[in-house]
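Novice: model this:
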Amino acid sequence: MTTFSLSTRSDPATLHVFEQDGGWHWGITVPRSRGSGFKLVAYSETPFPEESRARDDGAQTLATISTGRNSDTDEVSNYSRHGACVQ
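Specialist: Numbering: from 1, shown residues only. Predicted coordinates:
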């Protein structure tokens, strides 16, 4: 798994790229505002044939949702890419 971070306000969102079931996927997490651990805020639903393509798509999503995230509530503004799920 590879990761890529982009700082937004005080909480960094992190892109994770991983291989699963014969394809490459990405997920984006943020630290939980209360307690410990991380919250999954977006992920790819459709597998990519190559790691670099998953990373590029995830990085585009990360850049977009990072600018629209409310750091006080960990909410992500409504945003949808083809094959992506934003929670």
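
Novice: the chain: strands as residue ranges?
Specialist: For the chain, the strands defined by DSSP state E cover 2-8, 11-20, 23-31, 38-44, 69-70, 75-76, 84-86.

Novice: quick one: neighbours of residue 53, just the number.
Specialist: Neighbours of residue 53 under the rule other Cβ atoms under 10 Å: 14. Any C-beta I mention is one placed from the backbone N, CA and C, and that applies to glycine too.

Novice: name whatever forms a beta bridge with the closest residue to it other than its chain neighbours.
Specialist: Of all residues not flanking residue 53 in the chain, residue 24 sits nearest, at 7.0 Å (Cβ to Cβ, 6 or more residues apart in numbering). Under DSSP bridges, the beta-bridge partners of residue 24 are residue 19, residue 48.

Novice: hang on, isn't residue 24 packed against residue 54?
Specialist: Yes - contact criterion Cβ atoms under 8 Å: residue 24 and residue 54 qualify, at 3.8 Å.

Novice: which neighbours do the two share?
Specialist: With contacts defined as Cβ atoms under 8 Å, 6 or more residues apart in numbering, the residues shared by residue 24 and residue 54 are 17, 47, 48.

Novice: neighbour-wise, which of the residues you listed leads?
Specialist: Counting neighbours by other Cβ under 10 Å, residue 17 leads the shared contacts of residue 24 and residue 54 with 23 neighbours.

Novice: so how far is residue 64 from that residue?
Specialist: Distance, residue 17 to residue 64, by Cβ to Cβ, to the nearest Å: 17 Å.

Novice: do the same with residue 51
Specialist: Distance of residue 51 to residue 64, given as Cβ to Cβ: 21 Å.

Novice: go on, residue 58?
Specialist: 11 Å.

Novice: so between those two, which is more surrounded?
Specialist: Set side by side, residue 58 and residue 64 show more neighbours around residue 58, with 26 against 17, by other Cβ under 10 Å.

Novice: for the residue nearest to the more buried one when sequence neighbours are not counted, give me its contacts.
Specialist: Closest residue in space to residue 58, ignoring its immediate chain neighbours: residue 26 at 3.1 Å, by Cβ to Cβ, 6+ apart. Residues counted as contacts of residue 26 (Cβ under 8 Å, 6+ apart) are 15, 16, 17, 18, 43, 44, 54, 55, 57, 58, 61.
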